[in-house]
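[1] A structural model of the following input is requested.
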Amino acid sequence: MRLVLENSEEKDVLLGKDIEALQLYMELESLRFKNQFDYEINIDGNIIPDETLIPPLLLQPFVENSILHGLHSKQGKGMIKVEIK
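    Predicted coordinates:
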């Protein structure tokens, strides 16, 4: 929660920090939905997360929609893949 609040106060954040917040969010949601899905985050080797700036919380809404509208009612275990290229 603290990381989300810190990031939301900034105009831009490091991609690495946003990914850290996204991982924490997905871990919490996975627990909340009783491990109904797995996830992975892949970053292109040409991207340096600790040097790349993006708007804060750019990725989280996409993942949230995937969980709530794609995986929540799915039978069986789901998978969320985030590809950053």
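[2] Please count neighbours and contacts with C-alpha atoms only from this point.
    Fine.
[3] how far away is the most far-flung residue of the chain relative to its centre from Phe37?
    In the chain, the residue that sits farthest from the middle, by C-alpha atoms, centre = their mean, is Gln75; the gap is 22.3 Å. Distance from Gln75 to Phe37, counting by C-alpha to C-alpha, to the nearest Å: 11 Å.
[4] go on, Ile54?
    27 Å.
[5] next one: Asp44
    Distance, Asp44 to Phe37, using C-alpha to C-alpha: 23 Å.
[6] Neighbour count for those two, which is higher?
    Counted by other C-alpha atoms under 10 Å, Asp44 and Phe37 do not tie: Phe37 has more neighbours, with 20 against 10.
[7] any idea where the strands of this structure begin and end?
    Using DSSP state E, the strands assigned to the chain run over residues 13-14, 37-43, 53-54, 78-84.
[8] which of the ones you listed is buried the deepest?
    Neighbour counts (mean count of other C-alpha atoms under 10 Å) averaged over each of the strands of the chain peak at strand 13-14, with a mean of 20.
[9] in stretch 46-55, what counts as buried?
    Pro49, Leu53, Ile54 (16 or more other C-alpha atoms under 10 Å).
[10] What distance do you get for the last one to Asn42?
    Meaning Ile54. Distance, Ile54 to Asn42, using C-alpha to C-alpha: 16 Å.
[11] where does this structure have its least confident helix or strand?
    One helix or strand of the chain scores below all others by mean pLDDT, DSSP states H and E: helix 2-8, with a mean of 62.
[12] Now for the residue nearest the centre of the chain: which residues touch it?
    Nearest to the mean C-alpha position of the chain, by C-alpha atoms, centre = their mean, lies Leu22 at 3.0 Å. Going by C-alpha atoms under 8 Å, 6 or more residues apart in numbering, Leu22 touches Leu59, Gln60.
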